[in-house]
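Engineer: have a look at this fold, sequence not included:
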Ligand code: ATP
Ligand code: MG
């Protein structure tokens, strides 16, 4: 066997080393959070390339987010130097896009095909529903239809293969929309996110020679966060693995949080069945968190109904107790979090080592306001927000149109932006004409009989627009991304229009467009020094196509935390990441576990969802290295039948699963005292007191005793204002509750 350099195996425990040194054949690393699974992947790749001479482009590693892929590439570059750049380290979707660009001819696509994102998909579905006359009345919403299409795609089903049960009219209609949706994408030469996986799977399934070629090229495949792969991703993996079966997957069934997107935990639990002879390695030592944090996480996850029992241990000490913040409402909660974050920074923790995690995006608004008020630099981690702005999307639509003029969706978006007197009626007519003749809109625009009945002004406007699009298509595709963006902004009239406007809003939009030019230029620079690919088969599309692909793939669950800034993100986006201090907000029944107001679930579905919420909570808690703070609001604004209204919230059942001791001795004593008081009720005035014994730098604890008072003696709800910058822990809810119920 090849020699193994010592340093790759240092800082690994025996089980990790076993996984890194495992030579050929399927390997499954099944282990809890923070046990070094990702580290195993990185070291295993480094060892393959450096010590076993595997060609880097014969290694494919797949992770869940761009951020995780980026971090993996960085760590590999530190271990391997420039060789690391030739590895295939990316998300499933980015892999699919790269595959399709290489196999574009076979897939019937141009190599610079456009990728439709969620917003594009939704617009397309809306258009199709109205075309079918299904957009009025009580029918299906575009969102529902799109979710169903996505579900089918996640199961690797094309429209023609969808079986509609019995006479279900809704399903039949949805299938019809799916069918037209496929046709619209095909006409535009575009793909959606689902296609990035589905199309490669189909190409590989249908063509044995192609399959042999691709399976032959990847000598080693590695997958992180394997518990969240859905059937189509798993199928792709199986097709690429081929007879060599050098596939290594790592994951944690306790962190499966994408069931709602079609992920299937049975992939991980049944892996050794699909790949007989799999070597299974379990990791049990956690290197990330303190014992207190692990105990808390374990208390929550161990109550999940369906799980393989496992428990992590750590050599690190108990560390700081958990802290708890309670606010009267979501704003008070957010303010308390902001104060505690400020205190954490005051203790010397850098902002980017602090994260505030929440269940739903809506929770971010009060948090954001509180951070701003407290002057804490923060970033909301939601990869695409910049690219979601209307003007940026307009510019992107022009760019995509330049690459593929047949993209009707993009054409409809910009045909009257900036306004050029082409109204909805005109577009309607063009659409009918195009549909009747099976033409893309751009060709209908140029057809004499399509425009014959229009007013001369409209005809002129359409002729100019047609000239604009064909001009862009002729000149722009070969340009560098930065120049291409500038060209589009200028020729389309977008910039000129904003300059005329003289409003604050116009200025802001123009600034965003300038930002887009800057982003495109940065992209050009980032690829300028690129050495030619070592892999002779590598095909690199022109810069503009690559830039647009990068934008399209910025996933929703994607983290990019600029230096020093506190990260605000959803629990889903936090997976795989770690921070010194974590704040878990909204620990209330209904918020976490989240309760879908529309959910009409059977008892077993409810259990399944509750388990998934539990796993989410577990993911959130295990992001913390040193300090975990949990917060909740007593009431929270929600949207009921009569618009927004406040709802009283109960502390989360997950909170009640936590042993009080984890919050420190003082709290545990107090809880026991309350229990005793409750067992033998005596009239006792409410107390507001500060418990002694809080250590320097440790959150102190304030209690108001109103819940101990007898109904006969209503208590004033006094709450001392916390001194600025000092964290406050309230423990005033009813801890006893129905714990264990
Ligand atoms: P998650 O399930 O959250 O994705 P993970 O199992 O992938 O976690 P890693 O992120 O690989 O865990 O590791 C967690 C932390 O522990 C990292 O900071 C990593 O550098 C560190 N670590 C892992 N293994 C060791 C080790 N043997 N010695 C020291 N530190 C380690
Ligand atoms: Mg990991």
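Structural biologist: Perfect, I can see it now. Just so we're clear, the structure is a prediction, and the values are computed from it rather than from any experiment. Ligands and ions are numbered 1, 2, ... in the order given.
Engineer: how close does the residue nearest to residue 357 when sequence neighbours are not counted get to residue 495?
Structural biologist: Among residues not flanking residue 357 along the chain, residue 620 sits closest, at 4.8 Å (C-beta to C-beta, 6 or more residues apart in numbering). No exception for glycine: its C-beta is placed from N, CA and C like everyone else's. Separation of residue 620 from residue 495 (C-beta to C-beta, to the nearest Å): 43 Å.
Engineer: if we can go back for a sec, the residue nearest to residue 357: which element?
Structural biologist: helix 603-621 (DSSP states H and E).
Engineer: next one: whichever strand or helix holds residue 514 to chain centre, how far?
Structural biologist: Here residue 514, judged by DSSP H and E, is contained in helix 504-528. Relative to the centre of its chain, helix 504-528 is centred 24 Å away, using C-alpha atoms, centre = their mean, to the nearest Å.
Engineer: by contact count, what packs against it?
Structural biologist: Where contact means 3 or more C-beta pairs under 8 Å, 6 or more residues apart in numbering; DSSP states H and E, helix 504-528 is packed against helix 390-403, helix 481-491, helix 494-501, helix 543-553.
Engineer: what's near enough to touch residue 552?
Structural biologist: 97, 114, 115, 116, 117 (C-beta atoms under 8 Å, 6 or more residues apart in numbering).
Engineer: just among the residues you listed, which is most surrounded?
Structural biologist: residue 114 (29 neighbours; other C-beta atoms under 10 Å).
Engineer: how about the contacts made by it?
Structural biologist: Here residue 114 is in contact with 188, 189, 190, 191, 400, 403, 404, 407, 410, 548, 552 (C-beta under 8 Å, 6+ apart).
Engineer: how does it look with 10 Å?
Structural biologist: By C-beta atoms under 10 Å, 6 or more residues apart in numbering, the residues touching residue 114 are 120, 185, 188-192, 396-397, 399-401, 403-404, 406-407, 409-410, 545, 548-549, 552.
Engineer: tell me the pLDDT of it.
Structural biologist: At residue 114, the model reports a pLDDT of 87.
Engineer: check residue 495 too.
Structural biologist: 89.
Engineer: burial count for it?
Structural biologist: Around residue 495 there are 21 residues (other C-beta under 10 Å).
Engineer: for the residue nearest to it when sequence neighbours are not counted, what are its contacts?
Structural biologist: Closest residue to residue 495 apart from its sequence neighbours, by C-beta to C-beta, 6+ apart: residue 489 at 4.7 Å. Taking C-beta under 10 Å, 6+ apart, we find residue 489 in contact with 391, 394-395, 398-399, 495-496, 498, 510, 513-514, 516-517.
Engineer: buried subset of the residues you listed as a ChimeraX selection?
Structural biologist: Buried residues among the contacts of residue 489 (16 or more other C-beta atoms under 10 Å), as a ChimeraX selection:
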select :391,394,395,398,399,495,498,510,513,516,517
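Engineer: how about JSON lines for the contacts of residue 489, with distance to ligand 2 added?
Structural biologist: Shown next, in JSON lines, are these (distance: C-beta to the ion, whole Å):
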{"residue": "391", "distance to ligand 2": "37"}
{"residue": "394", "distance to ligand 2": "38"}
{"residue": "395", "distance to ligand 2": "36"}
{"residue": "398", "distance to ligand 2": "39"}
{"residue": "399", "distance to ligand 2": "35"}
{"residue": "495", "distance to ligand 2": "44"}
{"residue": "496", "distance to ligand 2": "49"}
{"residue": "498", "distance to ligand 2": "44"}
{"residue": "510", "distance to ligand 2": "41"}
{"residue": "513", "distance to ligand 2": "38"}
{"residue": "514", "distance to ligand 2": "37"}
{"residue": "516", "distance to ligand 2": "33"}
{"residue": "517", "distance to ligand 2": "36"}
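Engineer: within range of ligand 2, give me the residues from the chain.
Structural biologist: 37, 38, 576 (C-beta under 5 Å from the ion).
Engineer: if we use 8 Å, what do you get?
Structural biologist: 33, 37, 38, 39, 68, 224, 225, 250, 575, 576 (C-beta under 8 Å from the ion).
Engineer: just among those, which is most surrounded?
Structural biologist: residue 250 leads the residues of the chain next to ligand 2 on contacts (other C-beta under 10 Å) with 27 neighbours.
Engineer: any idea what that residue is bridged to?
Structural biologist: residue 29 (DSSP bridges).
Engineer: so what's the residue count around the closest residue to residue 629 other than its chain neighbours?
Structural biologist: Distances taken as C-beta to C-beta, 6+ apart place residue 323 nearest to residue 629, at 4.2 Å, with adjacent residues excluded. Per other C-beta under 10 Å, the neighbour tally for residue 323 reads 25.
Engineer: what about residue 323, distance to residue 666?
Structural biologist: On the measure of C-beta to C-beta, residue 323 and residue 666 end up 12 Å apart.
Engineer: show me the shaky parts of the stretch 51-200 of the chain.
Structural biologist: 136-138, 167 (pLDDT under 70).
Engineer: remind me which helix or strand the residue of it found nearest ligand 2 belongs to.
Structural biologist: In the stretch 51-200 of the chain, the residue that lies nearest ligand 2 is residue 68 (7.5 Å; C-beta to the ion). Secondary-structure assignment from DSSP H and E places residue 68 in helix 66-80.
Engineer: try residue 568
Structural biologist: Going by DSSP H and E, residue 568 is in strand 566-570.
Engineer: by how many degrees do the following helix or strand past that strand and strand 566-570 diverge?
Structural biologist: Sequence-wise, the next helix or strand downstream of strand 566-570 (DSSP H and E) is strand 579-584. Here the directions of strand 579-584 and strand 566-570 differ by 50 degrees (axes from the mean of the first three to the mean of the last three C-alpha atoms, to 10 degrees).
Engineer: correct me if wrong: residue 439 contacts residue 449.
Structural biologist: No - counting by C-beta atoms under 10 Å, residue 439 sits too far from residue 449 to count as a contact (11.8 Å).
Engineer: before we move on, the earlier item: give me phi/psi at the residue nearest to residue 629?
Structural biologist: Per-residue torsions, residue 323: phi -120, psi 150 (degrees, to the nearest 10).
Engineer: what's the answer for residue 575, then?
Structural biologist: phi -60, psi 140.
Engineer: how far away is the nearest residue to it once chain neighbours are set aside from residue 304?
Structural biologist: Ranked by C-beta to C-beta, 6+ apart and with sequence neighbours excluded, the top spatial neighbour of residue 575 is residue 619, at 5.6 Å. To residue 304, residue 619 is 12 Å away according to C-beta to C-beta.
Engineer: who's more crowded, these two?
Structural biologist: Comparing residue 619 with residue 304 by other C-beta under 10 Å, the one with more neighbours is residue 619, at 24 against 18.
Engineer: list the contacts for the residue of the stretch 1-150 of the chain found nearest ligand 2?
Structural biologist: Residue nearest to ligand 2 within the stretch 1-150 of the chain: residue 38 (3.3 Å; C-beta to the ion). For residue 38, the contact set (C-beta under 10 Å, 6+ apart) comprises 29, 63, 68, 71, 72, 75, 224, 225, 250, 576, 578.
Engineer: also residue 283?
Structural biologist: So, once contact is read as C-beta under 10 Å, 6+ apart, residue 283 ends up touching 13-16, 18-19, 29-32, 34-37, 39-40, 250, 252, 310, 312.
Engineer: residue 621 too?
Structural biologist: Counting by C-beta under 10 Å, 6+ apart, residue 621 has contacts 33, 289, 293-294, 296-301, 322, 357, 571, 582, 584, 628, 630, 654, 658.
Engineer: next step: those restricted to strands.
Structural biologist: 357, 582, 584, 628, 630 (DSSP state E).
Engineer: between those residues, which is nearest ligand 1?
Structural biologist: residue 582 (12.0 Å; C-beta to the nearest ligand atom).
Engineer: gap between that closest one and residue 569?
Structural biologist: Relative to residue 569, and taking C-beta to C-beta, residue 582 is found at 11 Å.
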